[in-house]
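[1] Sequence first, predicted coordinates after that:
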Amino acid sequence: MIDVDELLRTELPRLAHHDARPDWDAVVVGSGLQRERARRRRLTAGAALLAAAAVVGLATPLGAAVARGLDGFSAWITGQPGSPVSSQEQQSFDRANARSWVSFPHGTKLRRLIAQHVGNTTVELLGFRSGTSTLCLRLIIQGRSRSSTQSCAPLSALRVTGAPVRVFFIDHAVGKGTKRAWYGVEHIRSSNLQITAGVAADGVQTVTLEDEHGRHDVAARSNAFLYVATAPEVAQRVRSISAHTAAGTVRVPFSPSPFGFGGLSAPSAAAPTVAVERKVSGGKVGWLERRESRGRALSVLPRRTRQSLLGARRFQGRSKIVFGRVVTPDSTIPTRMVLTLNAHHVGGPAAGLCTAVVGPSGGGSGCAPYPGLFKTSPISVGMSGSGAGEFVLIDGVASDEVDHLRALLSGGEMSPVPLVDNAFLVNLSRSNLPARIIAYDRDGKVIGVSEPLRDFLGSRNAPARGRAIELLHATGPSGAHSELLVGKATGGGECSYVRHFISKLVTGMTVSCQGPRWSGGPVQLSTEQSPALFVSGRVRSDVAVVRLRFADGSTSALRPTRGYVLATIPARHRQPGHDLVGAEGLTRDGHTVGRQTFPRPPATIR
Amino acid sequence: MGGNRGATPAQLEALYRARFAHFVRVAVAICGDSDRGRDVVQNAFIAAIRHRRSFRGDAPLEAWVWRIVVNEARRASLEPITAPPSEAVESMNGHGGEEHDPLGIRGWIVALPDRQREAIFLRYFADLDYGTIAEALGIEIGTVSATLGAAHRSLRKNIQEVRP
């Protein structure tokens, strides 16, 4: 019997996807509510701004498109929130921008939005439009702690979140505080300040944030808000944000900043998807193969960046790089992509496509077999970001088959993704994840759907506040020793920490957190190296004895302590042919309830 | 609840922002065209704002708005499409994309009677409960149950016939 209810639940959403962008401004205007409000308020500044947006909209098609979609962010549309920075500050920015090889568009104008003094520290929030499609906020901290950071988001992101406030920074940590707290084996120090900031639509009066210190109302000024938490607790996090307008209160979507090993895991919602309408395989990046001089030469990269990202100390014949260029998928964000075709050996044919994402403060890179990279999908997608940033950077390469891209966000909305020279970069809000990148051909057919891009919040089971205690200790030769500690986990279970000190150069720690209910096999042991010196791990509560099995057929028995095992492997069993090969878990009455085998190292290194 | 209390623009705005995608999905499904479906939702909310004082409060606000959206979509579905329906192939009433619908669900739903089809859209596109569907379609809750039951039986029969 077919379960029609279940079938419809799964199949119908897949069959109908629409590019649904809310446009409340149009409703307000169309319904006459705007006139009604205007009469009531006798032409307040808010109405004037909407009118200004309408003028921009009428003046240019781009302006019209933006004004229709941004739901009240008209000050950001017209690009005039706050006040201009001093000419000295603007000139300083212009000079730095001109020097930088990853610059903002020429003519970018900084605006001062909010400044707040906290003790001897001044926190300034600046904002600016980069080109016509990107909005950036910059935090500048001066005083006891000096630092700056910035975050950019596409203007299109303002329209998809569906709230009159968009968070850019969330609990951005500044300086060192005086509070300390144990989380397992980590003695973590608090920050001096934690800053949360973002942009606000025209009608927003106040923004309320809640964290462990309570509720905090901050005024929306210059179409922005700034909340500075002073002397925050360790792990203090903003948990909710709401915006207040004359018409009511709206909850603001955002993702809390993760802490430590995690413990703030969001529910793993299913990512929306669309069906592939035409299958493609074996694509390529033609211009790279033809060695066309697109973008800029690799020599534009700073030397250190070039060496660290590309692993090439010298070019021109001495590198494995066959050909490469630096391209700019989106000129409004200060990030570039490096695409190179690489050989297995110097002088060899291209066998891999390497990409690097490079911004003002560094970047990351990776390689994949080429053209095998496009064997099953015409797009390859990566993601990077920091916990204090609400926006993550999505990057990737697309084969020549791809005409354009869109991001399919968690709420089903579509957001444009710039694609230039087969490379793409786009900032997505973490509150819009999980998302997917959708690739289309020239006919508008879907030819590629990425795997879900999920938020990087940590595991639900992470070390909870409280110091882990030592449960087991083992010693080996030449001062080697190992210790097993246990502590509480955020999900109500327990975390174990196994520290190994084999030598001055060989140390390590393994952290494993479990929920309150057992999962996995009854015997979960591991060794720290090969040949193994220590064996450690946990066993299910019904396992009374652990029997270690060695390659020569001998065995050794251990009794778990509170479900944990840590033991030194005898010297005779650290020799090839006598080493640890397996373990069994036995109940009190001698029944075997679980077995585990240990992978043996390859013969060449035995 | 009861009495003539009206709805506020803030309540309607919050509903609009929270459920916009769902409203559009259902509207597109009923009227058969993406662009028109979006207009339906915009027009429905414009109407809701204009007539917000007539909301009696004896049913959830969302149900009241759904009724407006459904009525607006029904009206739009009767109007001829004068321009090429750019994304009509994506809609439930469209004719494209059959290759991704091996069981032919799209076709079987289009073939359902209007009320059954609308109930299916509201149930599975908008995840509405029976009470809200009843308000939206202007029928009793028991009728919703019977309507969806009939739709399920019809779909089950048709899908079983084509299933390999």
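    Good, I have the coordinates.
[2] can we go C-alpha only for contacts and neighbour counts from here?
    Noted.
[3] Name the nearest residue to residue A:279, ignoring sequence neighbours.
    Distance criterion CA to CA, 6 or more residues apart in numbering or on different chains; nearest residue to residue A:279, sequence neighbours excluded, is residue A:447 at 5.7 Å.
[4] Within range of chain B, give me the residues from the stretch 351-500 of chain A.
    Contacts of the stretch 351-500 of chain A with chain B, taken as CA under 8 Å from any CA of the partner chain, map to A:411, A:412, A:413.
[5] Quick check, pLDDT for the residue nearest to residue A:279.
    Note on residue A:447: pLDDT of 95.
[6] Run through the residues that contact it.
    Contacts of residue A:447 were listed using CA atoms under 8 Å, 6 or more residues apart in numbering or on different chains, and they are A:276, A:277, A:278, A:279, A:280, A:377, A:378, A:402, A:438, A:439, A:440, A:441.
[7] can I assume residue B:35 sits in a helix?
    Yes: Residue B:35: assigned to a helix according to DSSP: H, G, I helix; E, B strand; the rest coil.
[8] What about the contacts of residue A:447, which are in strands?
    Mapping the contacts of residue A:447 onto strands (DSSP state E) picks out A:438, A:439, A:440.
[9] Residue A:505: neighbouring residues, count only.
    For residue A:505, the neighbour count with other CA atoms under 10 Å in any protein chain shown is 7.
[10] That one falls within a helix, correct?
    No: secondary structure of residue A:505, determined by three-state DSSP: coil, with no helix assignment.
[11] okay, which residue is most central for chain B?
    Centroid-nearest residue in chain B, with CA atoms, centre = their mean: residue B:26, separated by 3.5 Å.
[12] How about that one: what's its closest non-neighbour residue?
    residue B:121 is the one closest to residue B:26 (CA to CA, 6+ apart), at 5.8 Å.
[13] Now the most centrally placed residue in chain A. Nearest residue, chain neighbours left out?
    By CA atoms, centre = their mean, chain A has its centre lying nearest to residue A:385, at 4.0 Å. Nearest residue to residue A:385, sequence neighbours excluded (CA to CA, 6+ apart): residue A:392, at 4.6 Å.
[14] Okay, that neighbour and chain B: tell me how far apart.
    With distances taken as CA to the nearest CA, to the nearest Å, residue A:392 is found 23 Å from chain B.
[15] At which residues are the helices of the stretch 201-350 of chain A located?
    A:286-289, A:303-310 (DSSP state H, counting those that start in this stretch).
[16] Might you enumerate the residues of chain B proximal to chain A?
    So far as CA under 8 Å from any CA goes, chain B lies against chain A at B:8-11, B:13-14, B:16-18, B:20-21, B:24-25, B:29, B:34, B:38, B:42-43, B:45-47, B:49-50, B:90-92, B:97, B:99-101, B:106, B:124-125, B:152, B:155-156, B:160.
[17] by contact count, what packs against the longest strand along chain A?
    Counting residues, the longest strand found in chain A (DSSP E) is strand A:165-184. Where contact means 3 or more CA pairs under 8 Å, 6 or more residues apart in numbering or on different chains; DSSP states H and E, strand A:165-184 is packed against strand A:147-154, strand A:186-200, strand A:466-467, strand A:481-488.
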